[in-house]
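*Asks:* how would this look folded up:
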Amino acid sequence: MFSLFKSYLEQFIEISEDQIRMIYEAGMERTLRKSQSLLHDGEVWNYNCFIISGCFRLYRFGEDGTDHTMRFGIENWWMTDQESYNNRTPSDYNIEALSKSTVVLWTREVWQHLLSAIPALKLFEQGIQARAYEASQRRIYSLISGSAEEKYIEFQKTYPNVFNKVPLYMVASYLGMSRETLSRIRKDGSIKNKV
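*Replies:* Numbering: from 1, shown residues only. Just a heads-up that it's a prediction; the model follows:
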């Protein structure tokens, strides 16, 4: 698992193997079974979570009980409830493993120590946060301006490795449409030619 994390970090920052080992060993490796939760709504999220293998989703329930998928995460991605983490408040969200998965978790306190000890890690984190913000802006724009077909095409282009790993109803939830609408779009031959 260390070698996967090392390869990932070396893509983004110049850092020694000893520093990477220090970061990795400060975390806790955890394996989850399919449908096991990392976070339940009402809990305070206190971790930075790197996905070594598997697939996760961040979701919450609406007042009518409908679940709304906010985000997916796969290998070499980070998963968090940033609001709960930043404010140390109970989460409105859930994080669930969609398959057998392995993660590395760092507590907030340990992560803050690592950021102080390893300046390259701080720069790396700033880059991740900037890319996450940009992705959120693109997603919001797509949700408020795109047709159902455009949302579907954009999802497939942006997340080709996610689409086949998650149930269709979760993709529909993420895109803000019914499963029936997503099924209709997927059956439309003209859409396939645009992807």
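*Asks:* next one: the most centrally placed residue in the chain relative to Arg184, how far apart?
*Replies:* Centroid-nearest residue in the chain, with Cα atoms, centre = their mean: Gly73, separated by 3.2 Å. Counting by Cβ to Cβ, to the nearest Å, the separation of Gly73 from Arg184 is 28 Å. Quick note: C-beta positions are derived from backbone N, CA and C, even for glycine.
*Asks:* where do the helices of this structure begin and end?
*Replies:* 2-10, 17-26, 82-87, 108-117, 119-145, 148-158, 160-163, 168-175, 179-187, 189-194 (DSSP state H).
*Asks:* where in this structure is pLDDT low?
*Replies:* 189-195 (pLDDT under 70).
*Asks:* give me the contact list for stretch 14-23.
*Replies:* Contact with stretch 14-23 is made by 2, 5-6, 9-10, 106, 114, 117-118, 120-121, as judged by Cβ atoms under 8 Å, 6 or more residues apart in numbering.
*Asks:* in TSV: the residues you listed, plus distance to Asp188 and neighbour count.
*Replies:* Listed next are these as TSV, based on distance: Cβ to Cβ, whole Å; neighbours: other Cβ atoms under 10 Å:
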residue	distance to Asp188	neighbour count
Phe2	45	14
Phe5	41	19
Lys6	43	15
Leu9	41	21
Glu10	42	12
Trp106	44	20
Leu114	48	19
Ala117	53	13
Ile118	49	18
Ala120	47	16
Leu121	46	20
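*Asks:* closest to Leu168 out of these?
*Replies:* Taking Cβ to Cβ as the measure, Leu168 sits nearest to Phe5 out of these, at 31.5 Å.
*Asks:* I'd assumed Ile51 was in contact with that closest one.
*Replies:* No: the pair Phe5 / Ile51 is not scored as a contact, 10.4 Å apart, by Cβ atoms under 8 Å.
*Asks:* with adjacent residues omitted, what lies nearest to Met170?
*Replies:* Thr69 (5.1 Å; Cβ to Cβ, 6 or more residues apart in numbering).
*Asks:* Provide the count of other residues in contact range of the one you found.
*Replies:* 19 (other Cβ atoms under 10 Å).
*Asks:* ok, now the one 5 residues further on?
*Replies:* By other Cβ under 10 Å, the residues close to Ile74 number 19.
*Asks:* gap between Ser53 and Ile128?
*Replies:* Applying Cβ to Cβ to Ser53 and Ile128 gives a distance of 19 Å.
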